[in-house]
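Student: next one to model:
(chains A and B)
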Amino acid sequence: MTIKRSLAALGLTITTLVLAACGGGSANPLGSSAPPSGGASSGGGTPIVVGSANFTESQILGEIYAQALKAKGLDASTKPNIGSREVYVKALEDNSIQVVPEYTGNLLLYIDKNATATTSEELASALPTALEKNDLKIGEISKAADQDVYVVTKEFSAKNNLTSLADLKNVSPPVVLGGPSELATRAYGPEGLKGIYGVTLKQFKPYDSPAVKTKDLLDDKIQVGEYFTTESAIADNGFVPLADPQSMILPQNVVPLMRGDVADNPQVKAALDPVQAALTTEELTALNKQVDVDRADPDQVAGDWLKSKGLA
Amino acid sequence: MNYFSYLFDPTKWAGAGGTGQLLLQHLAYTAAAVAIGALVAIPLGILIGHTGRGGFLVIGISNAARAIPSIGLLVLVVLLTSTGFGPTVLVLAVLALPAILTATAAGISGADPDAVYAARALGMTGGQVVRGVEWPLAVPLVISGVRSATLQVVATATVAAFAAGGGLGQLLISGQRSRDYSQMLAGAVLIAALAIVLDLLVGGLGLLAARRVAPRRTTKDKTVAAAATAHA
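Tutor: Numbering: from 1, shown residues only, chains lettered A, B, ... in the order given. Sure, this is the predicted structure:
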């Protein structure tokens, strides 16, 4: 009886942990690659397969790209939820997909581990060179970005006259920072705040549920929270994003990553450039919310957005 | 790769958020939850067992409570109240409750009827019957209830990390998020070890209690035992 019960409890714990882990939206190292299909070669009238990574935003962007290409008469389809960067870049290289939504900063670091670019401009000039050896090209870089951001509540911002990370060191008493647990070891985490902005934290608290993190930020149990710019919690609660004048956080602007021949296709360029120009961080946030909170289908959300912009 | 590098790294044990602190947090959650669970469940179990009423309720509650997903309840409680020690312990206590409650009720109502009749025949009041006869006979079963509750809680206290409450579950989550598998393994090994140690401890307590309850050579007990034999 005792053994049975404890086994059941252990089983429950493991199941919940695994479920929660899978729901975390982080890149899963065990995420398997979908079997390759689609056109053997690309360009001209041949099929274009748009892949996407294993999180909501990437799937929405993949749908947007595919439907924008279709609207220009190209034979485009999607292969959503391929997995992490390791998997979908490989799929691009072996031509099982031809286009995938990407983010400038992380893409550069993946291609070139020793890259030194820190600003949007440096990234834009470094990326094409770095991608040459893989015969990959990027499209226009959007101003929409999904990157890490530190936020405080409106009250805390007003009380301490705080709008930038550079001012954070003047806030006393020292603040408690809350963020995803992996932030503890990131260069732009507590270590970067100390090294670059001279901020001594009272404590770093790891959070694995964004809802709980938001609750604690509103309850003043933490004073600074670390979010992604496209999380709807920021606007919903009127949190104030802190500026990053020293470019500690690498910009992550949305950009389509393509095989060289597809990127050179003028029809593809004509389809994707207006999309890239129309995307903003706020709109991306709203699109994410429609899928994650309102449970809409990514392809429906993507289609409605393209129509609202007159792009499909 | 050395899978045990995290577990045996002394620098990871020290300081705020270190393994040592997480282990203590885990122990504190477990102890507090089982204590609160016992504090509620034992009196309630005695009442139900002694009066013989509400047995249906006991079975209903215990079955329902075991089906509650702890992590969902935890997030719900935290969002409705706040994060911290209290709400987390409350959720874990809900988990500890049914095992102790059913065991206590079963122990009390299952006390040797001959002994109970004898005690009544001697003119003991209801309270005296509970204190002098039913409770001592039920203690081994109550302890086994506490034992299974402790095991459930020590394993489930990993969910505290989901509500920013620390505990050894933090090692599992942080390790998974940063793909540091030696950290995850450290968490898993420590939770398993803690479960075994606590089980042995409470089990030992049960043995002690059983020995104490077993025939005592006091005049009162002799009288009760003699009366019981006479009744049979």
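Student: and the closest residue to A:Val293 other than its chain neighbours, how far is that from A:Leu183?
Tutor: Once its chain neighbours are removed from consideration, A:Val293 has its nearest residue in A:Ser232; the separation is 6.8 Å (C-beta to C-beta, 6 or more residues apart in numbering or on different chains). No exception for glycine: its C-beta is placed from N, CA and C like everyone else's. With distances defined as C-beta to C-beta, to the nearest Å, the gap from A:Ser232 to A:Leu183 amounts to 20 Å.
Student: same drill for the two, tell me which one is more crowded.
Tutor: Neighbours of A:Ser232 and A:Leu183, each counted by other C-beta atoms under 10 Å in any protein chain shown, are more numerous for A:Leu183; the result is 21 against 16.
Student: phi, psi for that one please.
Tutor: When quoted as degrees, to the nearest 10, the phi and psi of A:Leu183 stand at phi -60, psi -30.
Student: what's the answer for the one 3 residues further on, then?
Tutor: Main-chain torsions, A:Arg186, degrees, to the nearest 10: phi -80, psi 150.
Student: next one: A:Ala53
Tutor: phi -80, psi 180.
Student: again, but for B:Thr125
Tutor: Torsion angles at B:Thr125 (phi, psi; degrees, to the nearest 10) stand at phi -80, psi 170.
Student: in contact with it, which residues?
Tutor: Listed by C-beta atoms under 8 Å, 6 or more residues apart in numbering or on different chains, B:Thr125 has no contact partners.
Student: any idea how far it lies from chain A?
Tutor: As judged by C-beta to the nearest C-beta, to the nearest Å, B:Thr125 and chain A stand 34 Å apart.
Student: tell me how far that residue lies from A:Asp167.
Tutor: Plainly put, B:Thr125 is 72 Å away from A:Asp167 if you go by C-beta to C-beta.
Student: what about the helices in chain B?
Tutor: Defined through DSSP state H, the helices belonging to chain B, from first to last, are B:10-13, B:19-51, B:55-67, B:70-80, B:85-109, B:113-121, B:126-129, B:135-156, B:169-177, B:181-213, B:219-231.
Student: just the angle between the fifth one and helix B:135-156, please?
Tutor: Yep, that's helix B:85-109 we're talking about. Here helix B:85-109 runs at 150 degrees with respect to helix B:135-156, directions being taken by axes from the mean of the first three to the mean of the last three C-alpha atoms, to 10 degrees.
Student: what's the angle between helix B:85-109 and helix B:113-121?
Tutor: Following the same axes, to 10 degrees, one obtains 90 degrees for the angle between helix B:85-109 and helix B:113-121.
Student: write out the residues of chain B neighbouring chain A.
Tutor: Residues of chain B found near chain A (C-beta under 8 Å from any C-beta of the partner chain) are B:16-17, B:69-71, B:75, B:78-79, B:82-84, B:95, B:99, B:144, B:147-148, B:151-152, B:155-156, B:158-159, B:161-164, B:169-170, B:172-174, B:176-179, B:195, B:199.
Student: would you format the helices of chain B as TSV with mean neighbour count and mean pLDDT included?
Tutor: Shown next, in TSV, are the helices of chain B (neighbours: other C-beta atoms under 10 Å in any protein chain shown; pLDDT from 0 to 100):
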stretch	mean neighbour count	mean pLDDT
helix B:10-13	13	87
helix B:19-51	21	94
helix B:55-67	14	80
helix B:70-80	18	89
helix B:85-109	24	92
helix B:113-121	17	92
helix B:126-129	13	92
helix B:135-156	24	93
helix B:169-177	25	88
helix B:181-213	16	90
helix B:219-231	13	57
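Student: those helices: which one's closest to A:Ser58?
Tutor: Relative to A:Ser58, the nearest member of those by C-beta to C-beta is helix B:169-177, separated by 18.5 Å.
Student: other residues contacting that closest one?
Tutor: Taking C-beta under 8 Å, 6+ apart as the criterion, the residues outside helix B:169-177 that touch it are A:17, A:20-21, A:24, A:26, A:180-182, A:184, A:206, A:208, B:6, B:17, B:19, B:22, B:26, B:157-162, B:180-188, B:190-191.
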